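1. Below are the sequence and a predicted model for it; my questions follow.
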Amino acid sequence: MKFSFFALFLFLSSFLSAQNVNIIPLPKSFVKADGQFQLNSHTVIGINDNSLLPQANYLQTELLKAKGLAIPVDQNEVKASIDLQLVRGNQPAEAYTLKIEPQKITITASGNAGVFYGIVSLLQIIKTEPAPDFVNLNAGLITDAPRYKWRGFMLDESRHFFGKQKVKQLLDWMAFYKLNKFHWHLTDVQGWRIEIKKYPKLTSVGGVGNYSDTLAEAKYYTQEDIKEIVDYAQDRFITVIPEIDMPGHATAANKAYPEYSGGSINKFPNFTFNPSNEKTYQYLADILKETNALFPSHMIHLGGDEVALGMQAWAGRPAIMEMMAKNKFTSLTDLEHYFFKRMADTVVSLNSKILCWDEATETDLPADKTIVFWWRQNIPSQLKLALQKKYQVVLCPRLPMYFDFVQDKSHVSGRKWNGVFNSLSAVYNFPYKQFPADELASDQIIGVQANLWTETVGSEKRLDYMIFPRMAALSETAWTDSASKNETDFNERLKTNLKLYDNAGIYYYDPYDPSLHPEAIDFAPRIVKPMVRERHRHHGRRSGARGHHAGKHGHSKSSAKHHTTKKGKKRKK
């Protein structure tokens, strides 16, 4: 019996040491070997295929930035001590092997993406080594492949705009953590952020304002900006997906072109597009055509959520009633589905896929062209319906994948759901502790995504604080098989990453020492004391409870609300 315990101890020790590789997300396997490779100024990067030159140049640039090492690239591979190789095989495109030997490092994959991820793993090991002029790397063999093909992060820039350089920095960190889908929320109530040349007022008028200041100067991305960011992302094997919200969340667009507005109701003025105006469909088709030309992803997210918030503005309008009678619609919801189906058909005609929030699951969409984003964790029936209708699904429920939720019980600025918040641990353990194994086994579930809505985020400092280090937990959730995950081991690896955040000037939440970086707050929370019945007003506008938790992806209860200025409206994604 003593021998058995001793053998078990040796096995566990061996297992833990095998996991002790300083990479996030944790690779599938790591086998340690004898010896070390010394990375220094004599190191040479080689490639066996000219298509790998961009990846070799990426490694060269990152080594110069990280360690000050100017390492040449040998396209003939003859002198290579770091050898990048494309090999034939039936491996997944993102799979790779990284072999570190005393005299040579070899990264092999069947696709360029796999070679890139091997480079990223190598860079993670190198960047966590303290030596400035040379680095000794322990020998070993890493074999790796991702759990999910969709590993996403969404940034809302309608509520608050952050600009090209900040987006590029986020793309850098996404690449560092092997995230490969950047969902870009560019239009909503507060601002229109993408240039459409056929309709210039979308940006000159619709781009004015943000969540906290409706009179802020117009901010948006030109089409040249978009192309630059898309190219930057492609170099990092990140696909950029635009979101053009419809038929709801259309206020900024309707401010620019009111002739396409679906009308107003209290608290939701001009919230929808007009489904009874035939010109609306051509107007939006023109927008989608220009958008599609900018994004080689061949995917457009159409929103499709929370239309019910403003849909009552359609009720009773003569043109609406005539249209409903003509099509034998029995409810406004039928009309909503008709609208969304027509715009989805437009996307398909552009040879692109339709992406949508889970409300649009009710619409009859082509199964092979549709990806549903399940965000309402309190309505699991929508997930089941999406799977029944054979749609592909990305899991991004508010709990725990909304990064505008607070990450510690002491935090006051941000959201909670009945007191529940989204801790680092909750993100790390998603989705394996929330779903039955048979549901997760469905090949229709293609991945996971975290979403950051920016009502309470107006500065880069707070943006960083809400993203880091939860992005690291997201990456391991998206990449690493549940059987290989170990939260204690993850926390040890994450601690080395905190130093990298410091070096990059990232203001992050430190879960191990929360006092190190106090909560970054852009807008002072307004705490409503219990039993107070008087109405509170901010700058002359009523701020009822619904104004906070209803609205875009709201329907949550929060302990904190923030001020608005210059007629800023209180809504919640």
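-> Noted; the coordinates are in hand.
2. Would you mind measuring from residue 489 to residue 23?
-> In this structure, residue 489 lies at 11 Å from residue 23, with Cβ to Cβ, to the nearest Å as the measure. (Each C-beta comes from the backbone N, C-alpha and C, glycine too.)
3. Among the two, which residue is more densely surrounded?
-> Of the pair residue 489 and residue 23, residue 23 is the one with more neighbours under other Cβ atoms under 10 Å, namely 20 against 15.
4. Would you enumerate the residues in contact with the more buried one?
-> If a contact means Cβ atoms under 8 Å, 6 or more residues apart in numbering, then residue 23 has 121, 124-125, 142, 493 as its contacts.
5. give me that answer again for 6 Å
-> 121, 124 (Cβ atoms under 6 Å, 6 or more residues apart in numbering).
6. Cross-check it against the secondary structure; I expect a helix.
-> No: under the criterion used here (DSSP: H, G, I helix; E, B strand; the rest coil), residue 23 is coil, not part of a helix.
7. now it: how far from residue 497?
-> Distance from residue 23 to residue 497, counting by Cβ to Cβ: 10 Å.
8. host element of the most centrally placed residue in the chain?
-> By Cα atoms, centre = their mean, the chain has its centre lying nearest to residue 153, at 0.9 Å. Remark: residue 153 resides in strand 150-156, with elements defined by DSSP states H and E.
9. If you count contacts, what does that strand end up packed against?
-> strand 181-185, strand 445-452 (3 or more Cβ pairs under 6 Å, 6 or more residues apart in numbering; DSSP states H and E).
10. winner for burial among those strands?
-> The highest mean neighbour count among those, using mean count of other Cβ atoms under 10 Å, belongs to strand 181-185: a mean of 24.
11. Who is residue 38 paired with across the strands?
-> Per DSSP bridges, the residues bridged to residue 38 are residue 136.
12. Give me the local confidence score for it.
-> On the pLDDT scale, residue 38 is placed at 95.
13. mind listing the strands for the stretch 351-500 of the chain?
-> Here the stretch 351-500 of the chain has its strands, by DSSP state E, counting those that start in this stretch, at 353-357, 370-374, 392-395, 445-452.
14. Now tabulate these in TSV and tack on distance to residue 176 and mean pLDDT.
-> Shown next, in TSV, are the strands of the stretch 351-500 of the chain (distance: least, Cβ to Cβ, whole Å; pLDDT from 0 to 100):
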stretch	distance to residue 176	mean pLDDT
strand 353-357	25	98
strand 370-374	24	98
strand 392-395	21	98
strand 445-452	15	98
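15. Just send the ones you listed back as a markdown table, with distance to residue 474 too.
-> Rendered in a markdown table, the data for these read as follows (distance: least, Cβ to Cβ, whole Å):
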| stretch | distance to residue 474 |
| --- | --- |
| strand 353-357 | 19 |
| strand 370-374 | 15 |
| strand 392-395 | 11 |
| strand 445-452 | 5 |
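16. Which of the ones you listed sits closest to residue 105?
-> Set against residue 105 and scored by Cβ to Cβ, the strands of the stretch 351-500 of the chain come closest in strand 445-452, at 29.7 Å.
17. Other residues contacting stretch 33-40?
-> For stretch 33-40, contacts defined as Cβ under 6 Å, 6+ apart pick out 100, 102, 105, 134-140.
18. How about it, which residues are buried there?
-> Of the residues in stretch 33-40, those scored as buried under the neighbour-count criterion (16 or more other Cβ atoms under 10 Å) are 37, 39.
19. Ramachandran coordinates for the residue lying closest to residue 484 once chain neighbours are set aside?
-> On the basis of Cβ to Cβ, 6 or more residues apart in numbering, the spatially nearest residue to residue 484 that is not a chain neighbour turns out to be residue 26, at 6.0 Å. Dihedral angles phi and psi of residue 26 (degrees, to the nearest 10) take the values phi -60, psi 130.
20. Correct me if wrong: residue 146 contacts residue 94.
-> Yes: under the criterion of Cβ atoms under 6 Å, residue 146 lies in contact with residue 94, with a separation of 5.3 Å.
21. Quick check: the gap between residue 148 and residue 322.
-> Taken as Cβ to Cβ, the spacing of residue 148 relative to residue 322 amounts to 47 Å.
22. Looking at the two, which is more packed in?
-> Neighbour count, other Cβ under 10 Å: between residue 148 and residue 322, residue 148 has more, with 20 against 11.
23. who touches that one in this structure?
-> Residue 148 makes contact with 447, 478, according to Cβ under 6 Å, 6+ apart.
24. picking up where we left off before, are there helices or strands packed against the helix or strand just after the strand holding residue 153, and which ones?
-> Secondary structure here is assigned by DSSP H and E; on that basis, the next helix or strand after strand 150-156 toward the C-terminus is helix 164-176. In terms of contacts (3+ Cβ pairs under 6 Å, 6+ apart), helix 164-176 is packed against helix 223-234.
25. and after the helix it packs on, which helix or strand comes next?
-> On the C-terminal side of helix 223-234, the closest following helix or strand by DSSP H and E is strand 239-246.
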